[in-house]
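Participant: predicted structure and sequence below. I'll ask about it afterward.
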Amino acid sequence: MTQARKTKILATLGPATDAPGVLEALIAAGVDVVRLNFSHGKPADHAARVARVRAAAQATGREVGILGDLGGPKIRIERFADGPVSLQSGARFTLHARADAMPGDGSGVAVSYLGLVNDVGPGDVLLLDDGMMTLRVEQVEGECIHTTVLNDGVLSDRKGLNRLGGGLSLAALTDKDRADIQLAAELDLDFIAVSFCRNAADIEEARALARAAGSQAHLVAKIERAEAIANLSQIIDASDVVMVARGDLGVEIGDAELPGLQKKIIREAIERGRVVITATQMLQSMVESPMPTRAEVLDVANAVIDGTDAVMLSAETAAGHYPVKAVEAMARICLGAERQFEHDTDFEAVPRDLEHPDHAIALASMYLTEHIQVRAILALTESGGTARYLSRYRSPAAIYGLSRHAAARRRMALMRGVGPIDFDSRGDQPRKAARDAVAQLYRAKLLREGDRVLITSGDHMEHLGATNTLRLLRVGADGGAEGLGVLPGAGRRARAATPAKTPS
């Protein structure tokens, strides 16, 4: 059997993916989850793309999740009267926090956030256009923020604005975000990403709005504000998924701090049992080029080796010239990086105060995979929770999440190393369900005769959070499953591992 890729690929939809056949090609190339960017496009555009994704997933036989990414409170400058302006270092430039401000020119421009005058003061550094243009605040006078330009550059309409070090007081959810959460519920999206969240309360507010709208989507916390770093543990606990959103985060905290923080976020998300995505400019050169740079290859590979569940493509697939090649490159890099993994879990570092039985079952499964040869772990699950716990540990064994719920399977499509499988065990006793699951994977050529497999399930198969049973089975000649009494070679290994007694 060839090596299966464990790291998942998240691809952003846009004009480049709307051409006939491109979406199907992206899924065939390895896309596991697609992203709708609610900062762009109308509801009808998003609805049409969702319909195409669902149809393409069915046609290719894949489980493909859909993430709706809320625009959030992005601060932008407004428009210029005569197009882009060139600014010189040392020049004076004024930001106007007025709703009736005139179109901008070389001396100043309006900003979309009128409260900016209350959040900045002399000496603050403002970063525009992802840090390409920097301004130092000299004076705040009424509705005007007088600044000095710190570097030469060109500034154009609607570019983003950040304050170095964060500290802007905007709430995470705008009125448009609230409308988009309702849209996400109507479209039955699997994930909702909260942009510029500051604390756990922002995630909890978004979750309450989603549930009130009838959505069971998992909430994704995008870590892109300096304030979020100070509240990282609480945000992770409040969310289902965490995204390392390196664009605005890098602008607010500075590029030099970004690599260490990326590793910290990935590590804490895994330790706290959450799924984690690494995003922004991972293969940026492939917007224009059919091949990634070596630096990009190393960037993606390092995120994979650090344990990220998924890597994300943004403009590369949404607007790039080579969307399919970008996905193919991403898949190739992930596979290469995964071969560098040491498949060894540090059980001494595992928390001792496990709160849920399915977490304990997952830990026991991983302990067994470290000591006996197991081809796969089959998690019979309603919601995908057991599969998520299993995916938190590094293991050479494949993990399959078997569920009758399409939404659960699509959510598992984002979990590292988990293959979602459609499986309905309603009415079956746990023992029969386990054997039927093995037979189904055998017929699909995912298992073969002689393979040892672990099955996690519950005494009551249709109940959420009821996983409490772990079975060790061997695949028979006809795809059937049989229990194992003595493990071949286990006694020899055990004796070999036992140190000889020292004569007294």
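Facilitator: Looks like it arrived, so ask away.
Participant: how many residues are close by D152?
Facilitator: For D152, the count of nearby residues is 12 (other CB atoms under 10 Å). For every residue, glycine as well, the C-beta is placed using N, CA and C.
Participant: check it and give its pLDDT.
Facilitator: According to the prediction, D152 has pLDDT 97.
Participant: distance of it from R158?
Facilitator: Using CB to CB, to the nearest Å, one gets 21 Å for the distance from D152 to R158.
Participant: ranges for the helices of the stretch 251-400 of the chain?
Facilitator: Ranges of helices in the stretch 251-400 of the chain, per DSSP state H, counting those that start in this stretch, are 258-271, 294-306, 315-318, 323-338, 357-371, 385-391.
Participant: my error: substitute the stretch 1-150 of the chain in the last question.
Facilitator: Assigned helices in the stretch 1-150 of the chain, in chain order: 22-29, 43-60, 116-119 (criterion: DSSP H, counting those that start in this stretch).
Participant: got those as a markdown table, with distance to D424 columns?
Facilitator: A markdown table is the format used below for the helices of the stretch 1-150 of the chain (distance: least, CB to CB, whole Å):
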| stretch | distance to D424 |
| --- | --- |
| helix 22-29 | 24 |
| helix 43-60 | 17 |
| helix 116-119 | 54 |
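Participant: among the ones you listed, which is nearest R198?
Facilitator: For these, proximity to R198 was assessed by CB to CB; helix 116-119 is nearest, at 13.1 Å.
Participant: please state the offset of the closest one from the chain centre?
Facilitator: 32 Å (CA atoms, centre = their mean, to the nearest Å).
Participant: ditto for stretch 193-203
Facilitator: Centroid separation for stretch 193-203 versus its chain: 15 Å, with CA atoms, centre = their mean.
Participant: give me the contacts around that stretch.
Facilitator: 35, 67-74, 170-173, 177, 206, 219-225, 227-228, 231, 234-235, 237-239, 241, 243, 245, 248 (CB atoms under 8 Å, 6 or more residues apart in numbering).
Participant: could I get that stretch in PDB with only the CA atoms?
Facilitator: Output of stretch 193-203 as PDB, limited to C-alpha atoms (Å, rounded to 0.1, in the frame of the first residue of the first chain):
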ATOM      1  CA  ALA A 193     -13.900  31.100  10.900                       C
ATOM      2  CA  VAL A 194     -14.000  34.100  13.300                       C
ATOM      3  CA  SER A 195     -11.500  36.700  12.000                       C
ATOM      4  CA  PHE A 196      -9.600  39.000  14.400                       C
ATOM      5  CA  CYS A 197     -10.900  37.300  17.600                       C
ATOM      6  CA  ARG A 198      -9.500  38.800  20.800                       C
ATOM      7  CA  ASN A 199     -10.700  36.500  23.500                       C
ATOM      8  CA  ALA A 200     -12.800  33.400  24.200                       C
ATOM      9  CA  ALA A 201     -15.900  35.600  24.400                       C
ATOM     10  CA  ASP A 202     -15.600  36.400  20.700                       C
ATOM     11  CA  ILE A 203     -15.700  32.700  19.900                       C
END
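Participant: let's number from 23 now, not from 1
Facilitator: Let's use 23 as the start, then, which means that last one is stretch 215-225.
Participant: so which bits of it are buried?
Facilitator: Buried residues in stretch 215-225, defined by neighbour count with 16 or more other CB atoms under 10 Å: 215-222, 224-225.
Participant: among those, which lie within strands?
Facilitator: 215-216 (DSSP state E).
Participant: nearest to V159, of the buried residues of stretch 215-225?
Facilitator: F218 (20.9 Å).
Participant: quick one: residues contacting the residue nearest to the closest one when sequence neighbours are not counted.
Facilitator: Excluding the flanking residues, the one nearest F218 by CB to CB, 6 or more residues apart in numbering is G94, at 4.2 Å. Contacts for G94 (CB under 8 Å, 6+ apart) come out as 194-196, 199, 216-218, 244.
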